[in-house]
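Visitor: coordinates only, no sequence provided:
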């Protein structure tokens, strides 16, 4: 992993990489709502995240915008020819990006703490081509980056790199030649929960879920308690294919929620940072029914 550097994500800039570069003036980077559709024509927005009623972020494959004034103003704070694989924004001023060049055996992790005016990068060496990535960072600067090879093989190489105090660690917390983890969530510094590929087998109650208690260095499977209609569905089909719907959500360091889409729709809750899970809601449809949930507090949520 290389040293961090300050950098302007606009390729036209030829300034030294060690220099802190401010963003372009608002005259050239600010998009007014009147011409927003015209400017974004042909640009596939990957996601829009509003962190307050007035401010948030949006990004495409090669661009990032800081949104203000309840969406009336979009500031272009990032443009790069190298595609964005992952984006996360814990606040209206703090954002993280993972970029990978085609054929490269490393990736770049970018970070801004001033709303996109300046960006700092760290190079993560993998030794293999990174095809998918995810990044998650909390407001206290603690988080992680999950890098994966070809997801089609289901045994692709993977690497988990932790972020501490808004700095990418120099050594990976977890590395394997045949991984399959995704949607990793760390409710505490050491406790993590990850979703894996679907598991098949008659009355198999081993859902595609894993847990770590050492910051991601090792992972153990989590058993979900079976229910009568899951067992019946497994028998009818000669084996159940268990699918957890992303994302796994924690509202406190100990209380979290996940949804099981197949073979029956169920909502699960943990009260011990993912060590065990219990079903708390059963929708009326029992087979082939995907659900999703969102939670703000242990008491308030939507299904």
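Guide: Sure, I can see it. Since this is a predicted model, take the numbers as computed values, not measurements.
Visitor: contacts and neighbour counts: CA atoms only from here.
Guide: Noted.
Visitor: quick one: low-confidence residue ranges for the stretch 151-300 of the chain.
Guide: 151-155, 197-207, 226-243, 246, 262-265, 281-290 (pLDDT under 70).
Visitor: who does residue 132 bridge with?
Guide: Beta bridges link residue 132 to residue 148, judged by DSSP bridges.
Visitor: how about the one 5 residues further on?
Guide: Taking DSSP bridges, one finds residue 143 as the beta-bridge partners of residue 137.
Visitor: all helices for the stretch 201-303 of the chain, in order.
Guide: 228-237 (DSSP state H, counting those that start in this stretch).
Visitor: how about the strands in the stretch 101-250 of the chain?
Guide: All strands of the stretch 101-250 of the chain, identified by DSSP state E, counting those that start in this stretch, fall at 106-112, 119-125, 132-137, 143-148, 158-164, 167-168, 174-176, 182-185, 192-195, 199-201, 209-212, 220-221, 240-250.
Visitor: and the second one, which residues are buried?
Guide: Neighbour counts using 16 or more other Cα atoms under 10 Å place 119, 120, 121, 122, 123, 124, 125 of strand 119-125 among the buried residues.
Visitor: for it, which helices and strands make contact with it?
Guide: strand 5-7, strand 106-112 (3 or more Cα pairs under 8 Å, 6 or more residues apart in numbering; DSSP states H and E).
Visitor: out of those strands, the one nearest residue 253 is which?
Guide: strand 106-112 (24.8 Å; Cα to Cα).
Visitor: ok, and what's touching the closest one?
Guide: 93-101, 118-130, 168 (Cα atoms under 8 Å, 6 or more residues apart in numbering).
Visitor: so for it, mean pLDDT?
Guide: When pLDDT is averaged over strand 106-112, the result is 95.
Visitor: given it, what are its sheet partners and their directions?
Guide: Strand 106-112 is paired, per DSSP bridges, with strand 95-99 (antiparallel), strand 119-125 (antiparallel).
Visitor: strands paired with the host helix or strand of residue 49, and their directions?
Guide: Residue 49 belongs to strand 47-50 when elements are defined using DSSP states H and E. If you go by DSSP bridges, strand 47-50 pairs up with strand 56-59 (antiparallel).
Visitor: list the buried ones in the strand it pairs with?
Guide: 56, 57, 58, 59.
Visitor: next one: the second one from residue 107, what distance?
Guide: As defined by Cα to Cα, to the nearest Å, residue 57 lies at a distance of 22 Å from residue 107.
Visitor: cool, residue 272 as well?
Guide: 34 Å.
Visitor: those two: who's more crowded?
Guide: Relative neighbour count places residue 107 above the other of residue 272 and residue 107, with 24 against 13, counting by other Cα atoms under 10 Å.
Visitor: what about the closest residue in space to the more buried one that isn't next to it in sequence, how many neighbours?
Guide: Leaving aside its sequence neighbours, residue 107 sits nearest to residue 100 (Cα to Cα, 6 or more residues apart in numbering; 4.7 Å). Close neighbours of residue 100, defined as other Cα under 10 Å, add up to 21.
Visitor: who touches residue 100 in this structure?
Guide: Contacts of residue 100 (Cα under 8 Å, 6+ apart): 82, 83, 84, 85, 106, 107, 108, 130, 131.
Visitor: let's see 7 Å
Guide: 82, 83, 106, 107, 108, 130 (Cα atoms under 7 Å, 6 or more residues apart in numbering).
Visitor: equivalent analysis for residue 91, please.
Guide: 51, 139.
Visitor: one more time with 10 Å
Guide: 50, 51, 52, 55, 56, 57, 113, 115, 137, 138, 139 (Cα atoms under 10 Å, 6 or more residues apart in numbering).
Visitor: re the thing from before, out of the helices and strands packed on strand 119-125, which is closest to residue 222?
Guide: Nearest of these (Cα to Cα): strand 106-112, 30.4 Å.
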